[in-house]
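In: Let me see the structure of the following:
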Amino acid sequence: MKKILFALALTVCAIATTQAQSKIGHVRSQVLLDTMPSRKAAIKEIKEIENAGLKELKDADSAIQVAYIKYQKDAPGMSETVRQYEENRIRRMQQNLEERQQQIDQQLQTMTQEMNLVILDRVKKAVAIVANAKKYNYIIDESTTLFSAGGIDVTNEVIVELLKLEAEAKKTGK
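Out: Numbering: from 1, shown residues only. Predicted structure coming up:
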């Protein structure tokens, strides 16, 4: 029993010491992301590419529909060889459409991941600058915190650093 009480007292002291030494701040990550011009530009660029891809797929689908309607109309007068050729051609068109759709989806996903990495790296740098300047041991994101009883919100300070990094990246083209 004494050992349990001693271990409990030791744990409480360790936690109290750690808390006394730890300085914790928090940020609102969505506010940070919404503030970034580069993120807004990335979202716009991805949307434009997505729309161009959708138009391409829609045009290809329309071409398939036109070919199929023409095939249905002309099929009764076609020889067996021509009929099989047209059926295979329409099937290839459909397969090409499906393959192209997968390519576009993969390209969009890759672009999104690459852009997100750059954006998140910039956010991490801004958070690190504030954490180092203000001597924080931890800066946590409010959106992933299960419980918080206040604390120090450093979102605005991180935004200032983030905008500096954004301006610097714009100058250097990165």
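In: can you give me the strands in this structure?
Out: Listed in chain order, the strands of the chain (DSSP state E) span 24-27, 138-141, 152-153.
In: pLDDT on the second one, on average?
Out: In this case it means strand 138-141. Strand 138-141 carries an average pLDDT of 91.
In: Make 27 the starting number, not 1.
Out: New numbering, starting at 27: the last item is strand 164-167.
In: before we move on, back to that, deepest-packed of the strands of the chain, please.
Out: strand 50-53 (a mean of 19; mean count of other CB atoms under 10 Å). Just so you know, the C-beta spots here come from the backbone N, C-alpha and C atoms, and that holds for glycine as well.
In: Please state the offset of that strand from the chain centre?
Out: How far strand 50-53 lies from its chain's middle: 23 Å, per CA atoms, centre = their mean, to the nearest Å.
In: For that strand, enumerate the helices and strands it packs against.
Out: helix 106-160, strand 164-167, strand 178-179, helix 181-198 (3 or more CB pairs under 8 Å, 6 or more residues apart in numbering; DSSP states H and E).
In: Show the pLDDT at Ile50.
Out: Reading off the model, Ile50 has pLDDT 89.
In: same deal with Ala195?
Out: Reading off the model, Ala195 has pLDDT 87.
In: Tell me if I'm right that it and Arg148 touch.
Out: Yes: using CB atoms under 8 Å, Ala195 is in contact with Arg148, at 6.9 Å.
In: Between these two, point out the one with more neighbours.
Out: Arg148 (21 against 14; other CB atoms under 10 Å).
In: what does stretch 68-78 contact?
Out: Contact with stretch 68-78 is made by 133-134, 137-138, 141, 145, as judged by CB atoms under 8 Å, 6 or more residues apart in numbering.
In: Looking at those residues, spot the one nearest Ala157.
Out: Ile145 (18.5 Å; CB to CB).
In: ok, for the closest one, nearest residue in space, not its chain neighbours?
Out: Arg65 (5.2 Å; CB to CB, 6 or more residues apart in numbering).
In: Met119 is in contact with Ala89, correct?
Out: Yes: proximity of Ala89 to Met119 meets the contact threshold set by CB under 8 Å, at 6.8 Å.
In: Settle it for me: which of these two has more neighbours?
Out: Neighbour totals were compared for Ala89 and Met119, and Met119 leads with 16 against 13 (other CB under 10 Å).
In: follow-up on the earlier one: name the residues contacting each of Ala195 and Arg148.
Out: Joint contacts of Ala195 and Arg148 (CB under 8 Å, 6+ apart) are Ser64.
In: count of residues packed around Ile145?
Out: Neighbour tally, Ile145, other CB under 10 Å: 19.
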